[in-house]
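> I would like to see how this sequence folds:
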Amino acid sequence: MKIHFLGIGGIGVSALAQYYLAKGHQVSGSDLVSSEITEFLKKKGANLIKEIPKNANLIIYSPAIKQLPDIKGAKLLSYPEALGELTKKYFTIAVSGTHGKSTTCAIIALILVKAGLDPTVIIGTKLREFGGSNFRLGESDYLVIEADEWQASFLNYWPKIIVLTNIEREHLDYYKDLGHILRTYKEYISHLPKDGVLVVNGDDKNIQKIFNFQFSIFNKFSIKKFSKEQKEAEKLRRILNIPGEHNISNALAALAIARALKIPDKISFKALSEYRGAWRRFEIKKREINGKKFILVSDYAHHPTEIKATLKAAREKFPSKEIWCIFQPHQYQRTFYLFNDFVRVFSEALIDRLIITDIYDVAGREKKDIKDKINSGKLIKKIKKHSAIYLPKEKIKNYLKRNLKGGEVVIIMGAGDIYKLAEGFSTAPLDTVK
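Next comes the predicted model:
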């Protein structure tokens, strides 16, 4: 079969493209910009072209694409629709929630691999265990996926097991309010079969609100709760190599899944102890600039709760170091709707210096009237830190050259293209940054 992907460079779409490549199909694709992901796909055998092949049998498009070209003679599916078709063919484990999806999905996948269950995995980050890929092809019936709530994408999926990490106000460009979000999650949960399993974070207040609604759907499948109050949390604090209490919660979710699948705890704890993190999830690197060595942390956090968790984890891991944060807000609408939360989190964070650059404009998802109301300068004015400044992205590197003394921790944070800033620094030997 000949399959063409529109927006093939997206983190989810690219994983699905790899699935079809691994299954022996002819895969082509297009994207607005080239990236390390599109280059990776080329090496895998994808044909990156500008035009849709006339003989394509199936066209899969990113939901971020608002205007589709006139297509005739080929089946047309969005990425969630195409992934939804796969979930019906596999024993699907779907990881959902506002935060922690990628890490939880990664840990679950690695536990299953170590247990010999050989899963297929489609994940929203790259794992070194998968050769730097966001995809793994397994031979078993198990499929582990991230089930994103944006535009209610997860309503296309039909899993046997659902994990709910947490629920917050997010994606307010689509959802009207928290009530709308909770109702959508309720509908998603109803996709579980009678013998399905729902694994939920018992510490999360908004998940508890779902159960406070008198929904009869919860009578037909089993529910397993995890909590940082359970005894295993202390052991995880000792063995996990990824910092932060939020990752204790993610690990407990993975442990609950493993137990539901009858995987021995010995295997699960070994996998958890060996996990070293994923791409842009508190990814620690040693770097230097002008001979001054520093620790660089690249992190995907872009929601206020994620930012708070990441900065708290950084202070816990590096208690005596000077911590700098370089943040690129992601999407004008998120920045506008959660403005006060951003201000509060950065005002309270135990960091020494804050640089905020321009808001990352997400193509096809922004409203002009909101873009005119918000900018990074307004954030800086409200954040109660004398060390908070605004800088255009192109000026940040020179600022660091002039002001870093050596030994600092520099956190590059955001879901846009700010991570590319890290590519401009030299690698420092691992033992030179203490």
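
> could you use CA atoms for every contact and neighbour count after this?
Will do.

> mind listing what residue 53 touches?
With contacts defined as CA atoms under 8 Å, 6 or more residues apart in numbering, the neighbours of residue 53 are residue 4.

> try 10 Å this time
Going by CA atoms under 10 Å, 6 or more residues apart in numbering, residue 53 touches 2, 3, 4, 28, 29, 59.

> filter those residues down to the ones in strands?
Counting by DSSP state E, the part of these found in strands is 2, 3, 4, 28, 29, 59.

> what is the nearest of the residues you listed to residue 46?
Among these, residue 28 lies closest to residue 46 (CA to CA), at 5.3 Å.

> you'd agree the closest one is up against residue 6?
Yes - proximity of residue 28 to residue 6 meets the contact threshold set by CA atoms under 10 Å, at 9.0 Å.

> mutual contacts of the two, please.
Shared contacts of residue 28 and residue 6, defined by CA under 10 Å, 6+ apart, are found at 50, 51, 52, 59.

> does the second one count as helix, strand or coil?
When you say that, I think you mean residue 51. Classification of residue 51 by DSSP: H, G, I helix; E, B strand; the rest coil places it in coil.

> what helix or strand is the residue nearest the centre of the chain on?
The chain has residue 102 as the residue nearest its centroid, 4.6 Å off, counting by CA atoms, centre = their mean. In the assignment (DSSP states H and E), residue 102 maps to helix 101-114.

> if we can go back for a sec, neighbour-wise, which one of the contacts of residue 53 leads?
residue 4 (29 neighbours; other CA atoms under 10 Å).

> can you pull the contacts of that one?
17, 26-30, 46-49, 51-53, 55-61, 74, 76.

> show me just the buried residues among the residues you listed.
17, 26-30, 46-48, 52, 56, 58-61, 76 (16 or more other CA atoms under 10 Å).

> what sits against the residue lying closest to the residue nearest to the centre of the chain once chain neighbours are set aside?
In this structure, residue 102 finds its nearest non-sequential neighbour in residue 124, 5.7 Å apart by CA to CA, 6 or more residues apart in numbering. When contacts are counted by CA under 10 Å, 6+ apart, residue 124 touches 10-15, 101-103, 105-106, 133-135, 145-148, 278-279.

> one more time with 6 Å, if that's ok
11, 12, 102 (CA atoms under 6 Å, 6 or more residues apart in numbering).

> let me know the closest of the residues you listed to residue 189.
Nearest to residue 189 among the contacts of residue 124 is residue 102, at 19.4 Å by CA to CA.

> local confidence estimate at that closest one?
What the model reports as pLDDT for residue 102 is 94.

> relative to residue 165, how far out is it?
11 Å (CA to CA, to the nearest Å).

> Serialize the contacts of residue 124 to a markdown table and add fields for distance to residue 304.
Converted to a markdown table, the contacts of residue 124 look like this (distance: CA to CA, whole Å):
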| residue | distance to residue 304 |
| --- | --- |
| 11 | 22 |
| 12 | 23 |
| 102 | 17 |
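
> show me which of these is closest to residue 372.
residue 11 (28.9 Å).

> in space, what's closest to the closest one - neighbours in sequence excluded?
residue 124 (5.6 Å).

> is the one you found within a helix or a strand, and which one?
strand 120-127.

> would you put the C-alpha positions of that strand in CSV?
Output of strand 120-127 as CSV, limited to C-alpha atoms (Å, rounded to 0.1, in the frame of the first residue of the first chain):
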residue,chain,number,x,y,z
THR,A,120,4.6,-2.0,19.6
VAL,A,121,5.0,1.5,20.9
ILE,A,122,3.9,4.9,19.5
ILE,A,123,5.1,7.7,21.8
GLY,A,124,5.4,11.4,21.8
THR,A,125,9.1,11.6,22.5
LYS,A,126,12.3,9.9,21.4
LEU,A,127,13.9,7.1,23.5
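
> what strands flank it, and is each parallel or antiparallel?
Its sheet considered, strand 120-127 pairs with strand 133-136 (antiparallel), strand 142-146 (parallel) by DSSP bridges.

> what's the pLDDT at residue 426?
Reported pLDDT for residue 426: 72.

> which residue packs closest to residue 6, ignoring adjacent ones?
Residue 6's closest residue in space is residue 61 (CA to CA, 6+ apart), at 4.5 Å.

> OK, contacts around that neighbour?
5, 6, 78, 79.

> again, 7 Å this time
5, 6, 7, 77, 78, 79 (CA atoms under 7 Å, 6 or more residues apart in numbering).

> same question, residue 48
28, 29, 30, 42.

> who's it bridged to?
Bridge pairing for residue 48 - DSSP bridges - gives residue 29.

> measure it to residue 34 for me?
As for residue 48, its distance to residue 34 is 9 Å (criterion: CA to CA).

> do the same with residue 131
20 Å.

> ok, now residue 220?
On the measure of CA to CA, residue 220 and residue 34 end up 47 Å apart.

> contacts for the lengthiest helix in the chain next, please.
Ordering each helix of the chain by length in residues (DSSP state H) puts helix 245-260 first. Helix 245-260 is contacted from outside by 100, 103-104, 107-108, 226-228, 233, 236-237, 268, 309, using CA under 7 Å, 6+ apart.

> quick one: which of those residues is nearest to residue 367?
Looking across the contacts of helix 245-260 and measuring by CA to CA, the closest to residue 367 is residue 100, at 27.4 Å.

> residue ranges of the helices in the stretch 151-300 of the chain, please?
Taking DSSP state H, counting those that start in this stretch, the helices of the stretch 151-300 of the chain run over residues 178-189, 205-212, 232-239, 245-260, 265-274.
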